[in-house]
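In: pasted the sequence and its predicted model underneath.
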Amino acid sequence: MIQFDELRDFDVTALKRDATSAAGAPRELPVDKIYPDPDNIRKGCPESTIAELAETIRQDGLLQAITVRKHPDQVGCYLISYGERRWRAMRLLGRPTIAAVISETFDPYRQAIENLQREDLTPMQIAQFVAKREAAGDSRTMIAKRLGKSKSFISELAHLMSAPPAVREAFEEARIDTRTAYLLARHYPDHPEQITRWLKGESPVTRNLIRRELGKAPAKSSRTLTLRKKGYNALAVLVGGRPATLMLAGSVRDQATVHFADGSQTTAPLRDVTLTHWLRL
């Protein structure tokens, strides 16, 4: 099973600050004019937990207003910054309006921490968040500091986004934990057949097995180490308007392999790739 030790005990000081003090008093907004944030780290909410929250609201009322910001594409509508579960519960109850604070000051890290504190997220969801923040230009050092985690933990999560499909599938099915997935991904280029055979078998794949059979994780190439000394070692790009990370090594001279924040990857002609800024990975 996945170990969530690194995901606990997030600093929630910022979450306890009353939003009304910074953005004014809540107002009643139409529920049908409010939409979930498509970039929220959490994708969907379990129906059972929404039903429980709805029953609590039915009995005790909505004790905390949600926070919204103006929708960038729909006039008169709003995106949820904080409080999607409360909004879903109010919609389930059939309430026409909901108390909401309108604030254009939005921090994706605060949204992530709120989700992490209120309800367990999978490491893959956090890895997707890390990938999005990297695509936006944030360094892993900054991401680790904002989330209150070690840089090594953030790096391991980020590495999952470029892990081979077989490793990602085993990880998402909770057959291997974060560290094991990271080690398998590091060894995969040199031992693809052996690792694929392990993951298809019924015996558990453990860190001890990896160390015993494959040894320590392979060292990074001297080229990568040289790039690290210079500071930046990856490129943030846009492909079809979508932010992505460009792989610095390629096998076709006029094409590039890029990784998107949702974990997918593609090979695109260089003419379709727009460079935006350097990243530190």
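Out: Ah, there it is.
In: and stretch 89-103, how far apart are its ends?
Out: 21 Å (CA to CA, to the nearest Å).
In: okay, buried residues for it please.
Out: Ala89, Met90, Arg91, Leu92, Arg95, Ile98, Ala99, Ala100, Val101, Ser103 (16 or more other CB atoms under 10 Å). In this view, the C-beta of every residue, glycine as well, is placed from N, C-alpha and C.
In: these two touch, right, the fifth one and Val31?
Out: Yes. If you go by CB atoms under 8 Å, Arg95 and Val31 touch, sitting 6.2 Å apart.
In: packing partners of the helix or strand Ala127 falls within?
Out: Using DSSP states H and E, Ala127 sits in helix 123-135. Applying 3 or more CB pairs under 8 Å, 6 or more residues apart in numbering; DSSP states H and E, we find helix 123-135 packed against helix 108-118, helix 140-147, helix 151-160, helix 165-172, strand 242-246.
In: any chance of CSV for the ones you listed, columns mean pLDDT, distance to Asp73 and mean neighbour count?
Out: What follows is the helices and strands packed on helix 123-135, written out as CSV (pLDDT from 0 to 100; distance: least, CB to CB, whole Å; neighbours: other CB atoms under 10 Å):
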stretch, mean pLDDT, distance to Asp73, mean neighbour count
helix 108-118, 69, 18, 20
helix 140-147, 83, 27, 18
helix 151-160, 80, 30, 20
helix 165-172, 84, 31, 18
strand 242-246, 80, 16, 20
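In: can you say which of those is nearest to Arg27?
Out: Closest approach to Arg27 among those (CB to CB): helix 108-118, 20.9 Å.
In: so what's Leu235 bridging to?
Out: Beta bridges link Leu235 to Leu246, Trp278 when assigned by DSSP bridges.
In: ok, it touching Thr274?
Out: No. Applying CB under 8 Å as the test, Leu235 and Thr274 come out as separate, 10.4 Å apart.
In: who has more neighbours out of those two?
Out: Leu235 (18 against 12; other CB atoms under 10 Å).
In: so which residues of this structure form strands?
Out: Under the criterion DSSP state E, the chain contains strands at 27-30, 34-35, 66-70, 78-82, 97-102, 234-239, 242-246, 255-260, 265-269, 273-279.
In: distance to Thr49 added to the ones you listed, as CSV?
Out: As requested, the strands of the chain are exported to CSV (distance: least, CB to CB, whole Å):
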stretch, distance to Thr49
strand 27-30, 23
strand 34-35, 19
strand 66-70, 16
strand 78-82, 16
strand 97-102, 18
strand 234-239, 35
strand 242-246, 31
strand 255-260, 29
strand 265-269, 33
strand 273-279, 36
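In: the ones you listed: which one's closest to Arg168?
Out: strand 265-269 (10.8 Å).
In: the closest one pairs with which strands, and in what direction?
Out: Strand pairing (DSSP bridges) places strand 265-269 next to strand 255-260 (antiparallel).
In: quick one, the partner strand and strand 234-239 angle?
Out: Here strand 255-260 runs at an angle of 90 degrees relative to strand 234-239 (axes from the mean of the first three to the mean of the last three CA atoms, to 10 degrees).
In: CA atoms only: put strand 255-260 into CSV for me.
Out: Provided in CSV are the C-alpha atoms of strand 255-260 (Å, rounded to 0.1, in the frame of the first residue of the first chain):
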residue,chain,number,x,y,z
GLN,A,255,11.0,16.4,-33.3
ALA,A,256,10.8,16.8,-29.5
THR,A,257,9.4,14.6,-26.8
VAL,A,258,7.4,16.7,-24.2
HIS,A,259,5.7,15.8,-21.0
PHE,A,260,2.4,17.4,-20.0
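In: which positions within it qualify as buried?
Out: Gln255, Ala256, Thr257, Val258, His259, Phe260.
In: stretch 169-182 too?
Out: Neighbour-count burial for stretch 169-182 flags Ala170, Phe171, Glu172, Ile176, Asp177, Thr178, Thr180, Ala181, Tyr182 (criterion: 16+ other CB under 10 Å).
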